[in-house]
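model the following, please.
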Amino acid sequence: MKGDLVMIKSIRFNKKMTVNIVLILFVVVLFILPLIIQPTADFSGADSIAQDLISEVNAQYEPWFKPLWSPPSTEIESAIFAIQAAVGSGVLFFVLGYLVGKNKSITNDKEVEKKYSE
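Numbering: from 1, shown residues only. Alright, predicted model coming up:
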């Protein structure tokens, strides 16, 4: 019994760590579950599905404009998309972190002011 207690103390699970572990497991399940449910499914992008549907509906359809530059390969296109997503999420979470930190700073300032005004 005493050995079990020492092991639990050395791990030190707190509420935040438990929530993080549960969220990570949830994300892993979200990635794996579609592959288990539909192992032979074609997980293609929405662009190709939309192009096929437009061709079915109107065979004479012509796009309104052409791209200024087309990547030389799909790998480069995927890499550019991944970089775009990383930069976008970096900006988003930087702003969120800044706003949370600013809110905490304002709250702490009010608490310090209240403490010293009494």
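
walk me through the domains of the protein.
Domains of the chain are assigned by automatic domain parsing as 1-40, 72-118.

which secondary structure elements does the helix or strand residue 52 falls within contact?
Per DSSP states H and E, residue 52 falls inside helix 46-57. If you count contacts as 3 or more CB pairs under 8 Å, 6 or more residues apart in numbering; DSSP states H and E, helix 46-57 packs onto no helix or strand. Bear in mind the C-beta positions are built from the backbone N, C-alpha and C, glycine included.

and that helix, what's its mean pLDDT?
Mean pLDDT, helix 46-57: 85.

C-alpha coordinates for that helix, PDB please?
This file holds the C-alpha atoms of helix 46-57, laid out as PDB (Å, rounded to 0.1, in the frame of the first residue of the first chain):
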ATOM      1  CA  ALA A  46     -13.600  18.900 -51.400                       C
ATOM      2  CA  ASP A  47     -12.100  20.600 -54.400                       C
ATOM      3  CA  SER A  48     -12.000  17.500 -56.600                       C
ATOM      4  CA  ILE A  49     -15.500  16.500 -55.500                       C
ATOM      5  CA  ALA A  50     -16.800  19.900 -56.400                       C
ATOM      6  CA  GLN A  51     -15.100  19.800 -59.800                       C
ATOM      7  CA  ASP A  52     -16.700  16.400 -60.600                       C
ATOM      8  CA  LEU A  53     -20.100  17.600 -59.500                       C
ATOM      9  CA  ILE A  54     -19.900  20.800 -61.600                       C
ATOM     10  CA  SER A  55     -18.800  18.700 -64.600                       C
ATOM     11  CA  GLU A  56     -21.900  16.500 -64.100                       C
ATOM     12  CA  VAL A  57     -24.300  19.400 -63.900                       C
END
